[in-house]
Structure formats: structure tokens, C-alpha cells
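S.K.: Need coordinates for the below:
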Amino acid sequence: MVEAVLLRDVAKIDRKSVAPENIESGSKYVGLENIESGGRLINVGTVSSGDLASSKFEFTSEHVLYGKLRPYLAKIALPEFDGICSTDIVPVLPGSKLDRRFLVHFLRQPNKVQLANSWATGANLPRLSPTALGNMVVPLPPLDEQLRIAAILDKAEELRIKRRKALAHLETLAQSLFHSMFGDPDPEKDGQPLSSLVPQGDGINYGVIQPGADVAGGKPLIRVSDLALGGVRLTHLKAIAPEIEAQYRRSRLKGTEILVSCVGTIGEIATTNSDVIGFNIARAVARVPIDRPSLRFYVAEYLRTARVKRYFTKELRTVSQPTLNIKQLGDTLVIVPPEDQQDLFAERVSAIERLKDHHREQLDELDALFASLQNQAFKAEL
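M.R.: Presented below is the predicted three-dimensional model:
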């Protein structure tokens, strides 16, 4: 039988603080915005002395970086460099008996992410305490077995990454098609507010503020982490109590919306379809209803342009996390082309969407395989 231990007994919850005046110029800085759900590090830059106003944590290439704010996002990264990070990220240093990659695969399991989220405290900004993280029970097979398990899961993850890259390429293809047909329109001249494109009697809105715990057989809830590659990933949706969901009928989906991430990760754009009718959305996701399919395809791609991303960045409000308010989103100016051009664009994008659907189905199959391997691995059945 495999030994089970508390994480704190085989790894150090390593909160070594660095005062802002002691941060060296050229240090690499990782904020939560630099860790994607699933752990990929993106857009990591360097800072100069005086750039940061508050203390940060030090980490090395031997640490695991665990995002403690909104732990359901599974922002758990493996840095290959030394640096400093936000205090909403906990550096974890595995000891000599625990392999770093084995630990990351363990922590990224959906059931461990759900467990961490159930331990988080705070209604609007749930955080997992470092003490709670240290109290997580970790299996501890012999080190050579940990290395074998990590290698198998790494290989399976590589296949998923390749499929995601294929989907990302199709995303850029749609954006290239947009620019070839419409150029780089300047909305200051002839743009109209995004809110004006919403059907009368409806509106742009956020979703469920306090979703509560997962409920078996509950109502599906779409979070920021479920928005990926232009659509909604259905594999790890949270399910909430029907009586909670019933309080948010206005944000219940009809399959005719654009979804925009508005807290933490800003500007992730997804379109909905019949697969998500009746689902609801989290507070960090905004719903933009647009009935006409061709216009919806066009606006979704328009919102992905660099010009709109710059506008979103300029309009951000930062409290604990970057936030794009509904008003700023609704005020986004949109150039609307004639309907025949919308229809032509939608026809061409639909062909790309069919290819993306194929890749998404294969990715879902790989995700299921990966989850099965994870389950077997940490039950000593792999």
C-alpha cells in the first residue's frame, strides 16, 4: 500500500518575502495573470527596482507555483527560472522524497482542485490558505515510481498540448480572415456601442456571484477556466444548487451569446451554441446576447482584435484582480459592416468552426484519457 503524507511534511510552503525596495532590476515577475488555467506560463516579463509597490515572494526553478486566489482556476505552474511572484501565489518547494512534476500532476487533478476550492474562504475572492494547502494529503510512492508516473502523464499532456496548438492556429486563421475582409476598422469614426447590438429587453450582464459548493446533478456553471479557444469546454464544469441558479435567470444561456472573461484573465472570448442552453455563468464572465448568428460571429472576432484588447486593458479597474466592468464592456465601440458582408464572413468562419469542433472533440477524448491515467496513477494502478 502506498504511503500517504501531508504535503507540509514532504514539501516546504516557502513564503520568503522580498520588500519592494529589495527587488533587483531584471527580476522575472509572475502574477496570476501570467499563469493560465492548467499551468502554462504566459507573457512573463522582468521588473525594475521601484516598479512594484508591495512585497513579493521569491521562488526558484525548483519550486511549484500554486495560485491560491480562486483555486478552482487551477493556476499551478512549473517555472524553469528563478524570480518573484505575487503573494496570491504560494511557492511550494518539494523535499528530497517528492518529485516536482509528480506533485504538480497530483495537485492539478480535478478532484484536488475541487477539494482546494472547497477549503477556500472569502465570498467574492476565495483564497486557499497556505496552511490548508500544507494539510493536503499526498500519496508518496518510491521516488523512481513517482518519476515513472510523471513521465507517463507528461507524455499524455504533450498530446493535449499539440491538439491545443492546432486549435490555437485555427483561432489565428479566423483573425487573419477578419483582417483580410475588414482591415483594421477605427471605431472612433463610425462605431456604435456594443450594448446597442443587444436585443431590446435583454442586456449585457454578469452571472452567479456566490455559486456555493459543487452539487451532484446541479445546474452547470461556466467559469473563466471553461472558456478556451473560442468556445466552452464542457469537461470540467461546476454544478451548482438549482435554488442558487434560479436566482440568476437573467444570465441563463440561450445559446445565442458571446461570453467575455472580465475578472483576472481579461478578454477571453467564446461563442455559445445549443450545447449550453440552460447553463449559467459565473460572476467573472459577462454574457453578451446577440440573436443574429452572422452578427454574433462577426462581433466575437471583432472583440478579439488587438485594438479592442488595448481598449479593454485601458479600461481595467484593479482591486485584488484586474476587472472589466459591464459599463466599459457595453461602451466598446463596434464597426458593424453591411449584413451581406457579415453573412459572407460567417459562412467562411463556420468552415473554420467545423474544423475547430473536430479538434475540440479529439481534445475532449484526450482529456478523458488523461483524467483516467491520473486516476489510475494516484491509486497505484498505472
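
S.K.: Now the closest residue to residue 206 other than its chain neighbours, what are its backbone angles?
M.R.: Computed as C-beta to C-beta, 6 or more residues apart in numbering, the closest residue to residue 206 that is not its neighbour in sequence is residue 283, at 5.2 Å. (Each C-beta comes from the backbone N, C-alpha and C, glycine too.) Backbone torsions of residue 283, given as degrees, to the nearest 10, read phi -60, psi -30.

S.K.: which residues in the stretch 251-382 of the chain form helices?
M.R.: Ranges of helices within the stretch 251-382 of the chain are 293-303, 306-314, 326-330, 339-377, based on DSSP state H, counting those that start in this stretch.

S.K.: Present those as a markdown table; the columns should include mean pLDDT, mean neighbour count and distance to residue 258.
M.R.: Formatted as a markdown table, these follow (pLDDT from 0 to 100; neighbours: other C-beta atoms under 10 Å; distance: least, C-beta to C-beta, whole Å):
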| stretch | mean pLDDT | mean neighbour count | distance to residue 258 |
| --- | --- | --- | --- |
| helix 293-303 | 95 | 22 | 5 |
| helix 306-314 | 90 | 14 | 12 |
| helix 326-330 | 93 | 17 | 10 |
| helix 339-377 | 85 | 16 | 13 |
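
S.K.: nearest to residue 92, of those helices?
M.R.: helix 339-377 (18.8 Å; C-beta to C-beta).

S.K.: Next one: the closest residue to residue 370 other than its chain neighbours from residue 372, what distance?
M.R.: Spatially, and ignoring its direct neighbours in sequence, residue 370 is nearest to residue 156 (4.8 Å; C-beta to C-beta, 6+ apart). Residue 156 sits at a distance of 9 Å from residue 372 (criterion: C-beta to C-beta, to the nearest Å).

S.K.: same deal with residue 155?
M.R.: According to C-beta to C-beta, residue 155 stands 14 Å off from residue 372.

S.K.: same thing with residue 33?
M.R.: 32 Å.

S.K.: cool, and residue 345?
M.R.: For residue 345, the distance to residue 372 - C-beta to C-beta - is 40 Å.

S.K.: One more: residue 329?
M.R.: Residue 329 is 39 Å from residue 372, by C-beta to C-beta.

S.K.: Tell me how many other residues crowd the residue nearest to residue 206.
M.R.: Using other C-beta atoms under 10 Å, residue 283 is surrounded by 18 other residues.

S.K.: ok, now which ones touch the nearest residue to residue 58 once chain neighbours are set aside?
M.R.: Of all residues not flanking residue 58 in the chain, residue 16 sits nearest, at 4.6 Å (C-beta to C-beta, 6+ apart). Neighbouring residues of residue 16 by C-beta atoms under 8 Å, 6 or more residues apart in numbering: 57-58, 91.
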